[in-house]
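Peer 1: Got a predicted structure plus its sequence, pasted below:
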Amino acid sequence: MRVTVVGAGVVGTLHAWQAVERGHEVVQIERETEARGASLRNFGQIWVSGRAAGEELETALRARELWEGLGARVPALGFRPNGSLTLVRTDHERAVAESALSLPDAAARGYKLLTPAEARTLNPALRGTYEAALYCERDAAVEPRTAQLALRAELLRHPNYTFLPGREVREVTGPGTVRDDHGDVHRADAVVLCTGAWLGGLVKELAPDLPVRRVRLQMMQTDPLGEPLPTSVADADSFRYYPAYRGEALDHLEATQPQSPTAAAHRMQLLMVQRADGGLTIGDTHEYEHPFAFDTLEDPYEHLTGVVEGFLGRPLPRIRHRWAGVYAQCTDPGRVVHRQQVREGVWLVTGPGGRGMTCAPAIAETTANELGW
């Protein structure tokens, strides 16, 4: 079978991986020299802890298993099963963490509620102030800015894989057939469009009423911390964002303990993970209203700096990078991804939202199974 994959972000690259692994001939086309979107502008977290029970959690757990296997085969991914700590500072936040322990799937997520002393044993860098920590053993991380490059380097070892960068697919010219902006026509048994947050152009022409929205976020990265941060770290604002924590305890938290004005205005949570060079990737914000602002605003960065310094008990290293990114998210929160046949032999896969890096291996596996690869 011949497969054309359009898009070289993490979702597209793992679709190419699935097809190659199943013995098919693959051409992967990317409009940039390399992907530059949300696949790079993220935390690199394989985030199981807050996923909704059902399809979302099942997909995340399967993806976590697949990521571990990929990490063993491609060490340059930087896969590490580091787990996460969500730090709580108040009785209301602690109540939400405690409620998570009673979820039917708490053991599958690897939840434990730790005292500050237990959390510091697991992550000695957290010398600041907090009352407890919800540990999720199944969370993990990879290096987002190099993961696609590492996967592609391995793919290029296969004679039946071709990568064509700097080409934009402009037209579907027939069943399983597309034309790029160089005028070249690519014929295949299946075309999979994995174009991320790029929902205009050909995508809009093929699927004008997508149940998908674009979301903008701001993040930053610091100089090396100077010591290991062995786990990923979140604050209790993440309880408000992830569906696993919905329930009476969260309702009470939201009714009695509002977010700070900055966090509320920018729909914020703290997520933090250490990169291979020792720097910290820290975020994030959520902006849903179009058109998006083109500025990166300083208030969210100041808020995040204060939260992180409170947990670390020390000043944050110098901020090296600040950036904004955009991802595509299904408007139905119960759907992990939007997968649609848009023409004969042509499928669109988009909208994993903030779950793209986490769930991409399982999303690609499901596509391969459904298309009979």
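Peer 2: Arrived safely. Numbers count the residues shown, from 1 in each chain.
Peer 1: all helices for the chain, in order.
Peer 2: 10-21, 55-73, 91-100, 106-109, 116-122, 144-155, 201-206, 237-241, 248-256, 261-265, 298-312, 356-370 (DSSP state H).
Peer 1: In a markdown table: the ones you listed, plus distance to Met220.
Peer 2: Placement of C-beta: from N, CA and C, glycine included. As requested, the helices of the chain are exported to a markdown table (distance: least, Cβ to Cβ, whole Å):
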| stretch | distance to Met220 |
| --- | --- |
| helix 10-21 | 21 |
| helix 55-73 | 25 |
| helix 91-100 | 24 |
| helix 106-109 | 28 |
| helix 116-122 | 24 |
| helix 144-155 | 14 |
| helix 201-206 | 30 |
| helix 237-241 | 17 |
| helix 248-256 | 26 |
| helix 261-265 | 15 |
| helix 298-312 | 6 |
| helix 356-370 | 18 |
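Peer 1: Return the most buried member of those helices.
Peer 2: Ranked by mean neighbour count, these are led by helix 10-21 with a mean of 27 (mean count of other Cβ atoms under 10 Å).
Peer 1: ok, back up a step: nearest to Met272 among the helices of the chain would be which one?
Peer 2: Closest approach to Met272 among the helices of the chain is made by helix 298-312 (6.3 Å; Cβ to Cβ).
Peer 1: Give me the helices and strands touching the closest one, please.
Peer 2: strand 212-222, strand 232-235, helix 261-265, strand 280-283, strand 319-330 (3 or more Cβ pairs under 8 Å, 6 or more residues apart in numbering; DSSP states H and E).
Peer 1: what's the most buried one of these?
Peer 2: Among the helices and strands packed on helix 298-312, strand 232-235 has the highest mean neighbour count (mean count of other Cβ under 10 Å), at a mean of 26.
Peer 1: isn't His290 right up against Arg214?
Peer 2: Yes - counting by Cβ atoms under 8 Å, Arg214 is a contact partner of His290 at 7.1 Å.
Peer 1: what stretches of the protein score poorly on pLDDT?
Peer 2: By pLDDT under 70, the chain has no low-scoring segment.
Peer 1: Verify the stated contact: Thr33 with Pro165.
Peer 2: Yes - assessed by Cβ under 8 Å, Thr33 is found in contact with Pro165 at 4.9 Å.
Peer 1: The two - which one has more neighbours?
Peer 2: Pro165 (14 against 9; other Cβ atoms under 10 Å).
Peer 1: quick one, what contacts the more buried one?
Peer 2: Ala8, Glu30, Glu32, Thr33, Glu34 (Cβ atoms under 8 Å, 6 or more residues apart in numbering).
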